[in-house]
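*Asks:* model this:
(2 chains, ligands or ions: 2)
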Amino acid sequence: MLEIGSVKKSYGDGAARVPVLRGVSLELGAGQTLALTGESGSGKSTLLHIAAGLEAPDSGAVRVLGQDLTAMDDSARATFRRTEIALVFQQFNLIPSLSVAANISFQAALSGRVDQPYIDRLVQALGLADHMKKYPEALSGGQQQRVAIARALAAKPKLMLADEPTGNLDEQTADAVLDQMLELVSLSDASLLVVTHSPKIAARMGRTLHLAGGQVV
Amino acid sequence: MIRTCLVALLSHWRRNPIQLFAYLAGLAIATGLWSGVQAINSEARASYDAAAATLGEGQFDRLIPRQGDAIAQETFVVLRRAGWLVSPVLDVTLNDVRVIGVDPVTSPTGLGGVTPPEGTSLFTTGPDTRLFANRNSARALGDLAQVIIDDTVAPGIAIGDIGAVQRLSGRNDLSTLVLLPEQPLVQPDLASIAPDLRLQPSQQVADVAQLTDSFHLNLTAFGLLSFAVGLFIVHSTIGLAFEQRRGMIRTIRSLGVPLRVLVGLIVVEMLALAAIGAVIGILLGYLMAALLLPDVAATLRGLYGAQVSGTLTLRPEWWLSGFLLAMLGTAFALAGRIWQVASMPLLASARPRAWVMSGAARFSAQAIVACVLLSAAAVLVIVAEGLILAFALLGCLLIGGALALPVIAARALAWIERGATRPIWQWFWADTRQQLPGLSLALMALLLAVAANVGVSTMVSSFRLTFVGFLDQRLAPELFVQAETPQESAALDAFLTREGIEALPLRSTPTQIEGQSVRLFGVRVGSTYRVSWVFLAERPQVWDDVADGAAVIVNEQLARRGNLWVGDMVEVAPTVTLPIAAVVGDYGNPQGQVVMSEALFETLHPDSYPGQYGIRTDDVTALRQRIADEVGIAKNAMIHQAAIKAASLEVFERTFTVTAALNVLTLGVAGFAILMSLLTLADLRVPQLAPVWAMGVTRRRLGGLELLRALGLAGLVFVFAIPLGLALAWVLLTLVNVEAFGWQLPMFLFPLEYLRLGAYALGAVTLAAAWPALRLIRTPPAALLKVFANER
Ligand SMILES: Nc1ncnc2c1ncn2[C@@H]1O[C@H](COP(=O)(O)OP(=O)(O)OP(=O)(O)O)[C@@H](O)[C@H]1O
Ligand SMILES: [Mg+2]
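*Replies:* Ligands and ions are numbered 1, 2, ... in the order given. From the prediction side, this is the model:
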């Protein structure tokens, strides 16, 4: 499903060049789950962005569903991302001028496969039913985070990448969120990669990888 | 995908209606003012074209009388017999309508483009007198004649068979003879068969379209200025909309919309909105033109004698040009932004880019461009000749000045900031300086508007001062009497001489000098002329030489067009060439004039008699009564000087109504640009204000400071606008005016007028700043707190 082979990435130029990833490899099969841990600034978000094709690695290979993301042009990569991948950003990245409801169905609508009953169930399960008509600016941090998660789940991706999806949530809500993600994995044989600082969350994943010094240890 | 994406893009405008309004309004204003001005111009041009088509003026050579304005019917017959292929024309004025009689059979333009409706033949009109004219002219003619309405006939003109017109006007002679293009190879010499006639080559007929070109160029320049101000607004709104939508664009792309699709959608969205704004603008332009056209028509009539229809037609040349220009302007502003989006890495920061709040690098580039433009203006002042270069000079001056403004303002603010001691004021000045880039477009627009106002009001007021002085000089006699016949004239002269009343008899005839149509005047040199006439240039003993018949006086129009000045020789008649003793300023008429002594005029035109008398008297009413009783001249042929003066002043006032209206509009547009900039900046500024508020400055105080800031900046703009406006006035008066109107005007300064303008500008800015300030005062604390909540 997801294969990352000796990916290298650094930021900045010349003397200010900072290597973030120094040859990271990992593999994630269909129906598998993986927790990625590592201290702040270790490059977790960077790796996630590369896996989603949002950023290009300096070198190395990124294959999703057997396709090489780095070899595609912008348009093909976008189409692939729209239909196969969903990403929960650390910063949520909701669209401020769209209502919560429109935000949740946005990615599903982009690829033309809105499953309204499923979305309704998601909204109930994530406790967002009372906020559907609001705009993102009127939500708390945790509520915004759940909207971002609902948006990703509603797209029913083959590969779900979540960047600290429970960072702003209490334990109970975090469990509900995780339940939904795992349900998606088991129902549609999707793969799930979660970046987290929480050992409890990591424990519910199939495997855990730790990122340090730009490498998986 | 496309629909979802468009909904998301458009949702931005629903959540930011003010921005949408600014975008549409900017476009509407730009398109409106531009197409309004173009509508006026094209209406006028269409009228000139119709006139040219109707009259064939300028297309054919003509035979005109050497003196007076009548050709005997016999002369025509003699010419035809001798083999000259000519067509007779009688040109008379009835009820303010120019009625032209032509011979449809021989006329090269037929009936001037008019096609008589089925079943009406011009030749069987019999004793009734049928004319063709458009609706308005027909109304003016009333039941004087039977008029067939034909809207293709030029405004102010009626056309008909020459026999009919002769009957109507009670004349039995002709005005001119049009020479047909095909003439026999052998013809007797004109001088031998019709010595009273002169051949006037086609190009030498003063072309109204050419005369008025400069006026229209003036209007166009104003239209362009307003268009530029409108595009300023569009440009800055587009910039802001893109800055604010950076996050959205990033999110949409990261959720899987290809860049190509997204860019295409943004272009479609922005251009569709622009089209809406442009259409609104065209409607506004139509309204504006319809309101202004009667005044413009009056101006053109008063200043150039050109007839322009007072009603507006929707012509593609103005609405389409306005629309296309608006779309092009938008596309241009859009292109830079699109390019930015396209070259931005997908995950680039979504925070509004730094330029909205700072941007020192941009300022230094701007300073260089400003310096180059101002230097170019300085060079053009020395070398510029011709209207186009004069306008290029204006452009360099205005744009250079506008670009220099933010740079100078930033310097001034930095300097003030150093002097501030209280922390709140230090913050205030620093914050003002930071906001400068975001406001600079609006401030530049305000500068242009105020400078244009200062410049044009200086020009108009200088003109007014000069013009009133000119009227005092020309209308020195208290009473003007019109003599209809030589007998009346002689009787009046005898009466005045008997009574020992000082009189200024005036003889005049149209003639041709230096290839121009001019009017020749014969005057009786007396103390009134010596005392009241002021010259632009003169040599000693002007009036003595003129009285001796040894020199003439010419007006400025003739002097400038013929490239003549004091001391030059001018051929006033085939045998008489005299030096110019003085050049006199002549405002309010486009024609050249030559003034000579009564005696000389009489020897040149022995048949002439004074048709007009200016009479000096202390008791106008009594004298008028006596002339009516004792000479038998009708009272309505005698005009009180004050009446003429009032009529002349009215023509003059209307002349500038259009300019004044456009001035007010530009100031309004600039105020609007400020309002829009402040409103759109307001949201971006919340994060800057929130910390200050959190540290204990009340919202009311912050609102007050915002207002103060706007006023301070407006004051700065005003101080800067005065020298720029005066430079503008100087260029208008000494360069553009000479090219456009044929006369130069002395420049006067009007400090009170400028102060009033300053007050207007400050008022406009206060109004513009009040709403954003009020909004800030009313901002709920929650909105300010959110800044901290979202700080991640
Ligand atoms: N666009 C960028 N330009 C320069 N450096 C960057 C950029 N993005 C990330 N970095 C740097 O790369 C390193 C890794 O960043 P990344 O966001 O991947 O860390 P992270 O592991 O997700 O941290 P956190 O747990 O705090 O989210 C950091 O040192 C960061 O400063
Ligand atoms: Mg991270």
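*Asks:* show me what the longest helix seen in chain A is in contact with.
*Replies:* Longest helix of chain A, by residue count under DSSP state H: helix A:171-188. Under the contact criterion CB atoms under 8 Å, 6 or more residues apart in numbering or on different chains, helix A:171-188 has outside partners A:31, A:33, A:122, A:125-127, A:142, A:146, A:149, A:153, A:156, A:158, A:160, A:162, A:165-166, A:169, A:190-192, A:194, A:198, A:200-201, A:204. Placement of C-beta: from N, CA and C, glycine included.
*Asks:* quick check: closest non-adjacent residue to B:G322.
*Replies:* Nearest residue to B:G322 in three dimensions, chain neighbours excluded: B:S35, at 3.0 Å (CB to CB, 6 or more residues apart in numbering or on different chains).
*Asks:* that neighbour reaches B:I280, doesn't it?
*Replies:* No - counting by CB atoms under 8 Å, B:S35 does not reach B:I280; the two are 11.1 Å apart.
*Asks:* so between these two, which is more surrounded?
*Replies:* More crowded of B:S35 and B:I280, by other CB atoms under 10 Å in any protein chain shown: B:S35, with 31 against 17.
*Asks:* hey, where'd the helices end up in chain A?
*Replies:* Using DSSP H, the helices of chain A run over A:44-51, A:74-84, A:100-104, A:106-110, A:116-125, A:141-154, A:171-188, A:199-204.
*Asks:* out of the ones you listed, which gets nearest to B:T528?
*Replies:* Nearest of these to B:T528, taken as CB to CB: helix A:100-104 at 85.3 Å.
*Asks:* what about the nearest residue to A:A56 once chain neighbours are set aside, neighbour count?
*Replies:* Nearest residue to A:A56, sequence neighbours excluded (CB to CB, 6+ apart): A:T70, at 6.2 Å. Neighbour count for A:T70, taken as other CB under 10 Å: 15.
*Asks:* what of B:W415?
*Replies:* Neighbour count for B:W415, taken as other CB under 10 Å: 10.
*Asks:* now do the same for it: helix, strand or coil?
*Replies:* helix (DSSP: H, G, I helix; E, B strand; the rest coil).
*Asks:* how close does the residue nearest to B:G322 sit to B:F672?
*Replies:* Applying CB to CB, to the nearest Å, the value for B:S35 to B:F672 is 18 Å.
*Asks:* one more: B:S461?
*Replies:* 26 Å.
*Asks:* neighbour count: the two, which is higher?
*Replies:* B:F672 (22 against 17).
*Asks:* need the contact list for that one.
*Replies:* B:F672 makes contact with B:25, B:29, B:233, B:768 under the criterion CB under 8 Å, 6+ apart.
*Asks:* please, which helix or strand holds the first one?
*Replies:* B:A25 is part of helix B:17-55, with elements assigned from DSSP states H and E.
*Asks:* following that helix, which helix or strand comes up?
*Replies:* Criterion used, DSSP H and E; the element after helix B:17-55 is strand B:62-65.
*Asks:* chain center to that following strand: distance?
*Replies:* 34 Å (CA atoms, centre = their mean, to the nearest Å).
*Asks:* what does stretch A:166-177 give?
*Replies:* So, by CA atoms, centre = their mean, the centroid of stretch A:166-177 is 16 Å from its chain's centroid.
*Asks:* same question, stretch B:433-445
*Replies:* That offset, for stretch B:433-445, works out to 30 Å (CA atoms, centre = their mean).
*Asks:* please apply the same query to stretch B:676-686.
*Replies:* The chain centre lies 36 Å from the centre of stretch B:676-686; the measure is CA atoms, centre = their mean.
*Asks:* what residues does it touch?
*Replies:* Contacts for stretch B:676-686 (CB under 8 Å, 6+ apart): B:16, B:18-19, B:21-22, B:25-26, B:233, B:236-237, B:240, B:243-244, B:352, B:356-357, B:435, B:438-439, B:441-442, B:706, B:710, B:768-769, B:771-772, B:775-776, B:779, B:783-784, B:787.
*Asks:* tell me who's in contact with the residue in the stretch 251-400 of chain B that ligand 2 sits nearest to.
*Replies:* Per CB to the ion, the residue of the stretch 251-400 of chain B with the smallest distance to ligand 2 is B:L347, at 12.0 Å. Applying CB under 8 Å, 6+ apart, one finds that B:L347 lies in contact with A:49, A:54-55, B:250, B:254.
*Asks:* for whichever residue of chain A sits closest to chain B, which non-adjacent residue is closest in space?
*Replies:* Proximity to chain B, evaluated over chain A using CB to the nearest CB, is greatest for A:R82 at 2.5 Å. Leaving aside its sequence neighbours, A:R82 sits nearest to B:G256 (CB to CB, 6+ apart; 2.5 Å).
*Asks:* ok, now A:I4?
*Replies:* A:L26 (5.0 Å).
*Asks:* then A:A150?
*Replies:* In space, A:A150 is closest to A:I104, 4.6 Å off (CB to CB, 6+ apart).
*Asks:* that neighbour and ligand 1: what is the separation?
*Replies:* 24 Å (CB to the nearest ligand atom, to the nearest Å).
*Asks:* list the buried residues of the lengthiest strand in chain B.
*Replies:* Determined from DSSP state E, the single longest strand within chain B is strand B:503-513. Neighbour counts over strand B:503-513 (16 or more other CB atoms under 10 Å in any protein chain shown) mark B:503-509, B:511, B:513 as buried.
*Asks:* host element of the residue in the stretch 101-250 of chain B that chain A sits nearest to?
*Replies:* In the stretch 101-250 of chain B, the residue that lies nearest chain A is B:M248 (5.2 Å; CB to the nearest CB). Assigned by DSSP H and E, B:M248 belongs to helix B:246-254.
*Asks:* is chain A contacted by the helix or strand following that helix?
*Replies:* Later in the chain than helix B:246-254, the nearest helix or strand by DSSP H and E is helix B:259-304. Yes - with CB under 8 Å from any CB of the partner chain as the measure, helix B:259-304 is seen reaching chain A through B:259-261.
*Asks:* picking up where we left off before, export the contacts of B:L347 to TSV and tack on distance to B:G455, neighbour count and pLDDT?
*Replies:* Output for the contacts of B:L347, formatted as TSV (distance: CB to CB, whole Å; neighbours: other CB atoms under 10 Å in any protein chain shown; pLDDT from 0 to 100):
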residue	distance to B:G455	neighbour count	pLDDT
A:H49	57	21	91
A:L54	55	22	88
A:E55	55	17	87
B:R250	47	21	88
B:S254	52	22	90
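*Asks:* among those residues, which one lies nearest to A:V88?
*Replies:* For A:V88, the nearest member of the contacts of B:L347 is B:S254. The distance, counting by CB to CB, is 11.2 Å.
*Asks:* surely the closest one meets A:L87?
*Replies:* Yes - using CB under 8 Å, B:S254 is in contact with A:L87, at 6.7 Å.
*Asks:* quick one on the thing from earlier: what is the neighbour count of the residue of chain A closest to chain B?
*Replies:* Neighbours of A:R82 (other CB under 10 Å): 22.
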